[in-house]
Structure formats: C-alpha cells, structure tokens
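*Asks:* dropping the sequence and predicted coords here.
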Amino acid sequence: MAVESIWDPKQTLEEIGLGRERREVQGGKRSDKVGRTILQELSTLLVEKVSDPRLQSVSISRVEVTGDLGLAKIFYTVQGGKKAVSEAAKGFKRAAGFMRSHIAHTINLRFTPVLQFHYDHTAEKVAELEEIFQEIAEERKKTEQKAELSDNIAESANE
C-alpha cells in the first residue's frame, strides 16, 4: 500500500519551491534583471550609436537598480587619468536623456528608471590592494632571508 504524501503546513516556502531558492533559480530579483538589461543596452549603445569623443574609451562596469525600479546607478570605468574621468562625466551628463529614451524604447517597463552615472573606483582600489599585497610579500621574503642567514651563521658558529 503506497502512502500518499500530504502537504504539511509546517513546510517552509523554500521546501515547496516558492521562496528565495525559486527566485535565485529564476535569476534573482527583478531589479537585478533590469540592471543586467540596462548594462547590456548601454554597453551596446556606447559602441554603436554614441559619437561623443568623451565617451569613446568608457565601459560600463555595473548597474545597480533600486527595488522600485525608479533609479539606476550606472558605474563606469574609463582609460586615462582624472581628466578623462571628468570629461566622461560631462559626456554622460550630456547624453543621459538620449540614453534614457533608448532604454525606454528598448526595455518594456511602465516607468523608465532615472539614470545616474558614477565613476567606478573599484579598479583603483584593487590596484592599491595588489600593491599592498606585493609589499607584504616582499617584506616576508626579506624576513625569511634574514632568518635563514641568521640560522646559517648560528650553525657555522656551532661547528
């Protein structure tokens, strides 16, 4: 005799496939999906349609969209120094309306998020951390060499 399983009201939503796990399987929150779509569209737009020379060496690194889909923070990187960053900011300020209207035509949303452009300092921070780690590695190597040298001197003195 086969026993049929009866749904137990004490089961969690995750166990029956309605909770967070289901959302993660489907690709995350809606704001994350919209952010990925905006990133793809703006990256394509920068390559194909934007002719502003200030935005030629710019790449979109990530997009963060608020839960209500009202605001999209677009983080970008640019080749060059501080002057290139400020020029890119001016270029984005000038092209923001064009980019937002392109997003409105491309993505099927009731309201198009307001686009805010921010320079992404992550690459600079990573470079700083790599430099610090390199210095630590060099100091460790010097310390190990000194310890090895002092061990060799102590062995020579004992002989």
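*Replies:* Okay, I see it.
*Asks:* where does residue 76 land on pLDDT?
*Replies:* Looking at residue 76, its pLDDT is 93.
*Asks:* from memory it sits against residue 59, does it?
*Replies:* Yes - at 6.6 Å, residue 76 and residue 59 qualify as touching, with contact defined as CB atoms under 8 Å. To be clear about C-beta, it is placed using only N, CA and C from the backbone, and glycine gets the same treatment.
*Asks:* helix, strand or coil for residue 80?
*Replies:* coil (DSSP: H, G, I helix; E, B strand; the rest coil).
*Asks:* shouldn't it be in contact with residue 58?
*Replies:* No - if you go by CB under 8 Å, residue 80 and residue 58 don't touch, sitting 9.9 Å apart.
*Asks:* these two: who's more crowded?
*Replies:* residue 58 (26 against 11; other CB atoms under 10 Å).
*Asks:* kindly state the beta-bridge partners for the more buried one.
*Replies:* residue 78 (DSSP bridges).
*Asks:* thinking again about what came up before, neighbour-wise, which of residue 76 and residue 59 wins?
*Replies:* residue 76 (22 against 14).
*Asks:* which strand or helix spans that one?
*Replies:* Element membership for residue 76, per DSSP states H and E: strand 71-78.
*Asks:* give me the contacts around that strand.
*Replies:* Under the criterion CB atoms under 8 Å, 6 or more residues apart in numbering, residues 34-35, 38-39, 42, 57-66, 84-85, 88, 92, 113-120, 122-123 lie in contact with strand 71-78.
*Asks:* quick one, domains of this structure?
*Replies:* 13-120, 121-159 (automatic domain parsing).
*Asks:* pull out the buried residues from the last one.
*Replies:* Neighbour counts over domain 121-159 (16 or more other CB atoms under 10 Å) mark no residue as buried.
*Asks:* write down the beta-bridge partners of the residue nearest to the spatial centre of the chain, one by one.
*Replies:* The structure's the chain has its C-alpha centroid closest to residue 62; by CA atoms, centre = their mean the separation is 4.5 Å. Assessed by DSSP bridges, residue 62 has beta-bridge partners residue 75.
*Asks:* that one and residue 123 touch, don't they?
*Replies:* No - if you go by CB under 8 Å, residue 62 and residue 123 don't touch, sitting 11.5 Å apart.
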